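Novice: my questions concern the predicted model and sequence given below.
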Amino acid sequence: RNVPESRRHYRYPWHMTDPQLVLTERVQQALAAAFGAEYSDADPLIRPSQFADYQANVAMSLSKRLRRAPREVAQEIADRLTAESAFPGTVEVSGPGFLNITLDDSWIAGQAAEILADPRTGVAAASAPQTVVIDYSAPNAAKEMHVGHLRTTIVGDALVRVHEHLGNKVVRQNHLGDWGTPFGMLIEHLLDIGEEAAIAQLEAGEGNEYYQAARVKFDSDPEFNKRARARVVTLQAEEPETMRLWHLFMDATVRYFNKVYHRLGVTLTDEDIAGESMYNAMLSQVCDELQDRGIAVVSDGALCVFPPGYTGREGQPLPFMIRKSDGGYGYATTDMATIRYRVQDLKADRILYVIGATQALHMSMLFDSARIAGWLPDHVRAEHVQIGSVLGSDGKMFKTRSGKSIKLLDLLDEADVRAAAVIADREYDDAARAEIAHAVGMGAVKYADLSVSHDSEYVFDFDRMLALTGNTGPYLQYATARIRSIFRRGGVAPAEATGPIVLGHPAERALALRLLGFGAAVEEMAEGSAPHKVATFLFETASAFTAFYENCPVLKEGVDEATRASRLALCALTLRVLETGLDLLGVPVPERM
Ligand code: ARG
């Protein structure tokens, strides 16, 4: 079978339901039959078409290789395709050599019925499950979690969900910034203001204010400065009393992060915390080993790896510095220890670093240095899932009017209030209204992060993300709730709507054809770390459903029994696809809206 390489580890014959993959396979067989086995893995270039369901563009590129006219090549492929009795459609040659392919209604209906009967809704389970380590969220203690961390949290959590759904083993790693020299002054400040006051402030998410107060004293008060420096030494040595204070500080900080996680409905828990502190004891050994093996060398007093291919402005090789000239370790040292741990101890097959795009150079040098050290073998995929910045309406980093970064819980509160306004005209009691507003507000914020490619920047705009039309969370939530209400009104459970499916109206056919692509969209999301692939697919599905629902009455008086059964089955399949897809994105669906 000519299943693309990246898809070979999926067991379920789901490529049998995705039309684009079915056609890829069929055209490749025809190519082999017509021109010889060496053409069996040429890409047939199947694309959606304006004039048919799909078009194959391969004849044009092959004509050069075959030294024959493109239309002639196209005709030969078409003949081979349709000579096969089981070809599920018709093929026409058009223009300079396009193959226009129209699938049979009965084939589309049959495929849709198969997905409807499949408990996995056409999403393949991995046949050889992988261990996927996902590094995401990773806020810094004593600094407020900002919208950037919100985005890595939301995108990372969607990737967790999709890999778990495919049956991969997922290890979440919340690489908290919980260690380093600032902790000397943070602990001394804790002693100054008292444990209770410090805990209260940190639990309330005022880590920034706390940090700034400590910083002012550090810069202006020599006695405090001296204490803070001494504290760093006892911290490095993991002296018990210092560690007790560090734990007090971190526990209060993590309680605040957990509030945000809970509020967002993300799957991170305390178990997933593997912060920078965890690697402290490994750092000297990491440096010694790399130095002994000649992989790191001392340059200007600092210990550095020089991975090839990185040069500075004057053409000088760029260092990946793992020990500063003062003997201190840094971010790079920790990440070297981390990657080794993930490969050797966690047994990762794939590691996803869901981190800001601004860290691209660091990540790239890290991966290269780890490969050189043999700590990242070729068979382990390490990827930086670059997260683009979230901007304010002024095009700069998202901040409040006073220039401070925005507190996440306040932002989510505001989303709730604005979402309540969106559904103000609905007749619900206060409790129901609050619940829906919460799901809609949070869904809107999360979907805004997920519906654009993860590395693009976008402008944070409540009005746009809360709109009930367009590619938004609320639109998809509304579409889903509306299908549920069809079943409520019809007095049928979605599980009972089993068809048979018969396609009559073009809008019905278009919806069914769209639904066949769900498995492929999910797999693309996992393969490419691209939640927006599923988001786009769901948006197109909901749009196709809207057109269907406008044109094809389901419950109306006068709709015959068979048509009603078929349309209810399409509603049920659409509902399952939307529910499953939104769940993979971590976007909640209110029962009514
Ligand atoms: N704490 C870092 C930050 O806020 C992100 C850490 C990402 N993970 C890593 N292994 N470097 O930018």
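Specialist: Looks like it arrived, so ask away. Numbers count the residues shown, from 1 in each chain.
Novice: for the chain, which spans come out with low pLDDT?
Specialist: Scanning the chain for pLDDT under 70 picks out 1-16, 84, 400-403.
Novice: quick check: most distant residue from the centroid of it.
Specialist: Distance to the chain centre peaks in the chain at residue 223, reaching 47.7 Å (criterion: C-alpha atoms, centre = their mean).
Novice: what helices and strands are in contact with whichever strand or helix holds that one?
Specialist: In this structure, residue 223 sits in helix 222-236 according to DSSP states H and E. In terms of contacts (3 or more C-beta pairs under 8 Å, 6 or more residues apart in numbering; DSSP states H and E), helix 222-236 is packed against helix 182-193, helix 207-220, helix 240-264. (Each C-beta comes from the backbone N, C-alpha and C, glycine too.)
Novice: who touches that helix?
Specialist: Here helix 222-236 makes contact (C-beta atoms under 8 Å, 6 or more residues apart in numbering) with 181, 183-185, 187-188, 192, 214, 217-219, 241-243, 246, 280.
Novice: using PDB, write out every CA atom in it.
Specialist: Extracted in PDB, the C-alpha atoms of helix 222-236 (Å, rounded to 0.1, in the frame of the first residue of the first chain):
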ATOM      1  CA  PRO A 222      23.800  46.700  50.700                       C
ATOM      2  CA  GLU A 223      22.900  44.600  53.800                       C
ATOM      3  CA  PHE A 224      20.000  42.900  52.000                       C
ATOM      4  CA  ASN A 225      22.100  42.400  49.000                       C
ATOM      5  CA  LYS A 226      24.700  40.600  51.100                       C
ATOM      6  CA  ARG A 227      22.100  38.400  52.700                       C
ATOM      7  CA  ALA A 228      20.600  37.500  49.400                       C
ATOM      8  CA  ARG A 229      24.000  36.500  47.900                       C
ATOM      9  CA  ALA A 230      24.700  34.300  51.000                       C
ATOM     10  CA  ARG A 231      21.300  32.800  50.600                       C
ATOM     11  CA  VAL A 232      22.100  31.700  47.000                       C
ATOM     12  CA  VAL A 233      25.000  29.700  48.400                       C
ATOM     13  CA  THR A 234      22.900  27.900  50.900                       C
ATOM     14  CA  LEU A 235      20.300  27.300  48.300                       C
ATOM     15  CA  GLN A 236      22.800  25.800  45.900                       C
END
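Novice: go through that helix and flag the buried ones.
Specialist: Within helix 222-236, the residues that qualify as buried are 224-225, 227-228, 231-232, 234-236, counting by 16 or more other C-beta atoms under 10 Å.
Novice: within range of the ligand, give me the residues from the protein.
Specialist: Within the chain, the residues that sit near the ligand (C-beta under 6 Å from any ligand atom) are 135, 138, 140, 175, 177, 335, 338, 353, 355-356.
Novice: which two in these are spaced the farthest apart?
Specialist: Using C-beta to C-beta, the two most remote members of those are 338 and 356, lying 16.7 Å apart.
Novice: more neighbours: which of the two?
Specialist: For residue 338 versus residue 356, the count of surrounding residues by other C-beta atoms under 10 Å is larger for residue 338: 24 against 19.
Novice: show the contacting residues for the more buried one.
Specialist: Here residue 338 is in contact with 135, 175, 274, 279 (C-beta under 8 Å, 6+ apart).
Novice: now swap in residue 169 and tell me
Specialist: With contacts taken as C-beta under 8 Å, 6+ apart, residue 169 has the following neighbours: 129-132.
Novice: can you classify the residue of the stretch 451-593 of the chain found nearest the ligand by secondary structure?
Specialist: In the stretch 451-593 of the chain, the residue found nearest to the ligand is residue 454; the distance is 14.6 Å by C-beta to the nearest ligand atom. Of the three states, residue 454 takes coil under DSSP: H, G, I helix; E, B strand; the rest coil.
Novice: if I read this right, it contacts residue 384, doesn't it?
Specialist: No - with contact defined as C-beta atoms under 8 Å, residue 454 does not reach residue 384; the gap is 10.6 Å.
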